[in-house]
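**Q** Output the structure for:
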Amino acid sequence: MKIEGGLHDFTDYSPIPSANYEFVIKEPMEVKPNEGESTDIGGKVFTFIINPEVVGGDHAGRKVRRQFANKSKGSRYFMKSFLEKIGVSITKEGAFNTEDLLGRKFKAVLIHDAVSYMLTEADLRQTFITAAEHLEPGGVFVTSPDHFRETFHPPRVEHTVNSNGETEVTLIEYQYDPDPNDTMMESIMFYLIRTKQGLRVEKDRNLQGLFSLKTWLDMIREVGFTVEKHPYPVHDDGRESYLLVGTWNGDT
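**A** Numbering: from 1, shown residues only. So this is what the prediction gives:
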């Protein structure tokens, strides 16, 4: 999508400061027209939203939300300097292509425990292919699912309690495997929310993938990585867990 953002029209603004982080943009930029609004130079106003994942440096492992609008000179300058910093070309007319945000290559890609929501081997393989597409040769891919088939012993029940002095939230999570013959497990979460007004109970349930450690390692190799597993003892219940680290060997 080509956007005329008026990014050539600004004066007397400083570029954004450099930051000590690296990130990868996996999702297309959201572009929303601000109906009924005009820029200070009479153009259309758009809101631009990107959600990059930080893969190195400060705040690694977090998703960063960046939202811009092209309504004023200051906001246009900030947006232009940010986009240029991550390699997006801006024309002299102030236009850019949102597709320029995708397909860039990086030294590292991290997929945290959200990878557990891949439900089939086809999902898993496509995830590894996408990671490879964003890596330079020799780049590193790191992931760590919550469970492996060998280390998941259902049913599992966990609970936590947190309070800020006014609201207390108790989470009770029940995990089980409804069908041992497929590649999925289910989590059911109960939230007990206690305030001065009383107690409220909310329920959520979701499916997660459940694959053997061998399946993870074999599929990462099949895509073209050299893969290693490293002990990753971060779970309160002491279950066996690993960081899976792949080194990209070439082009997809």
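**Q** Residue 76: what secondary structure?
**A** The assignment at residue 76 comes out as helix when based on DSSP: H, G, I helix; E, B strand; the rest coil.
**Q** That one: how many residues sit nearby?
**A** Residue 76 has 25 neighbouring residues, counting by other Cβ atoms under 10 Å. All C-beta spots, glycine's among them, are computed from the backbone N, C-alpha and C.
**Q** If I look at it, what pLDDT would I see?
**A** At residue 76, the model reports a pLDDT of 70.
**Q** what do you get for residue 99?
**A** Among the per-residue scores, residue 99 shows a pLDDT of 54.
**Q** Repeat that for residue 232.
**A** You'll see residue 232 listed with a pLDDT of 87.
**Q** tell me the contacts of it?
**A** Applying Cβ atoms under 8 Å, 6 or more residues apart in numbering, one finds that residue 232 lies in contact with 144, 241-243.
**Q** Make a PyMOL selection of whichever of these turn out to be buried.
**A** Buried subset of these, written as a PyMOL selection, criterion 16 or more other Cβ atoms under 10 Å:
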select buried, resi 144+241+242
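**Q** Format the contacts of residue 232 as JSON lines; extra columns: distance to residue 229, pLDDT and secondary structure.
**A** JSON lines is the format used below for these (distance: Cβ to Cβ, whole Å; pLDDT from 0 to 100; DSSP: H, G, I helix; E, B strand; the rest coil):
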{"residue": "144", "distance to residue 229": "10", "pLDDT": "91", "secondary structure": "coil"}
{"residue": "241", "distance to residue 229": "10", "pLDDT": "89", "secondary structure": "coil"}
{"residue": "242", "distance to residue 229": "4", "pLDDT": "91", "secondary structure": "strand"}
{"residue": "243", "distance to residue 229": "7", "pLDDT": "91", "secondary structure": "strand"}
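**Q** Need the max-distance pair from the contacts of residue 232.
**A** Using Cβ to Cβ, the pair of the contacts of residue 232 lying farthest apart is 241 and 243, separated by 8.2 Å.
**Q** hey, what's the closest residue to residue 158 other than its chain neighbours bridged with?
**A** With sequence-adjacent residues excluded and distances taken as Cβ to Cβ, 6 or more residues apart in numbering, residue 158 is closest to residue 173, at 4.8 Å. Legend: beta-bridge partners of residue 173 under DSSP bridges are residue 158, residue 189.
**Q** Make 663 the starting number, not 1.
**A** Understood, numbering begins at 663; the last thing we discussed is residue 835.
**Q** how about residue 835, what does it touch?
**A** For residue 835, the contact set (Cβ under 8 Å, 6+ apart) comprises 818-821, 849-852.
**Q** Nearest to residue 788 among these?
**A** Nearest to residue 788 among those, counting by Cβ to Cβ, is residue 849 at 22.7 Å.
**Q** And the helices in this structure, which stretches?
**A** Here the chain has its helices, by DSSP state H, at 735-747, 783-795, 875-885.
**Q** Of these, which is nearest residue 777?
**A** Among the helices of the chain, helix 783-795 comes nearest to residue 777, with 6.5 Å by Cβ to Cβ.
**Q** Could you check the angle the closest one makes with helix 875-885?
**A** Here helix 783-795 runs at an angle of 50 degrees relative to helix 875-885 (axes from the mean of the first three to the mean of the last three Cα atoms, to 10 degrees).
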